[in-house]
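Q: got a structure for you, letters missing:
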């Protein structure tokens, strides 16, 4: 009987995993946990889980007339509960949670990346610092950041406009914050925080809220590294985008 129960439980857990992936996919939350390039693999796993679970359930139904003898090597009840809870708990959370965005506390512990991102695809290096105003979008986010980091000596006084969420660390001063974005290469585990330090009247701007800001650039530092810093001119609170992550394929230059 114990073996029969375990087979049924394993089949139901696999079915639950498949349904959880399906729920995340149709709700649009799947890309908050994995990058879009990984979605086909997740859907393949969904199909595999459903097929294997059905085969597992069918197998144990056919096996009800077999010997239900318990072997001496089977795990104790407490060990089984611990073992299968490792699957049940993530499945339950996948169904009941509605917000899969990394919390401000987690981000503060990680800190902003102080390394230089470089797009794998080629582009005209330096083109974003030639004009009087720099507009940062999702499509050119890493290109602009790469150009600014490589041309810190010529960005003084240039105007920049960008959008992102407000991020703060314990070491930031009262009139300092960062306008940031999260980048994901594979899954939420490797999510990296990129941002621009902002100085000015920022006390009323709440951490994790989204803003579009305009300001002037200057050369500054973050954790001993030279970085672009923005002196705030204007800010406007905006609604968080549906796709909060940037999914650029980037390489980190140590």
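A: Perfect, I can see it now. Quick caveat: nothing in here was measured; it's all calculated off a predicted structure.

Q: for stretch 209-224, buried residues please.
A: 210-211, 213-215, 217-218, 220, 222 (16 or more other Cβ atoms under 10 Å). No exception for glycine: its C-beta is placed from N, CA and C like everyone else's.

Q: what mean pLDDT does it have?
A: In this model, stretch 209-224 carries a mean pLDDT of 93.

Q: returning to what we had before: farthest-separated two in the buried residues of stretch 209-224?
A: Farthest pair in the buried residues of stretch 209-224 (Cβ to Cβ) is 210 and 218. Separation: 23.9 Å.

Q: mind naming the longest helix for this protein?
A: Counting by DSSP state H, the longest helix found in the chain is helix 2-27.

Q: against which helices or strands is it packed?
A: Using 3 or more Cβ pairs under 8 Å, 6 or more residues apart in numbering; DSSP states H and E, the elements in contact with helix 2-27 are helix 39-62, helix 77-96.

Q: which helices and strands does the last one pack with?
A: Counting contacts by 3+ Cβ pairs under 8 Å, 6+ apart, helix 77-96 packs against helix 2-27.

Q: okay, buried residues for the helix it packs on please.
A: Buried positions in helix 2-27, judged by neighbour count with 16+ other Cβ under 10 Å: 3, 6-7, 9-22, 24.

Q: ditto for stretch 83-91
A: For stretch 83-91, a neighbour-count test (16+ other Cβ under 10 Å) marks residue 91 as buried.

Q: relative orientation of the longest helix of the chain and helix 39-62 in degrees?
A: Here helix 2-27 points in a direction 150 degrees away from that of helix 39-62 (axes from the mean of the first three to the mean of the last three Cα atoms, to 10 degrees).

Q: how far is helix 2-27 from where the chain is centred?
A: 25 Å (Cα atoms, centre = their mean, to the nearest Å).

Q: go on, stretch 209-216?
A: On the basis of Cα atoms, centre = their mean, stretch 209-216 sits 21 Å off its chain's mean C-alpha point.

Q: which elements pack onto the strand or helix carrying residue 198?
A: Per DSSP states H and E, residue 198 falls inside strand 192-199. Helices and strands touching strand 192-199, by 3+ Cβ pairs under 8 Å, 6+ apart, are helix 104-110, helix 141-150, strand 159-167, strand 176-183, strand 210-222, strand 225-238.
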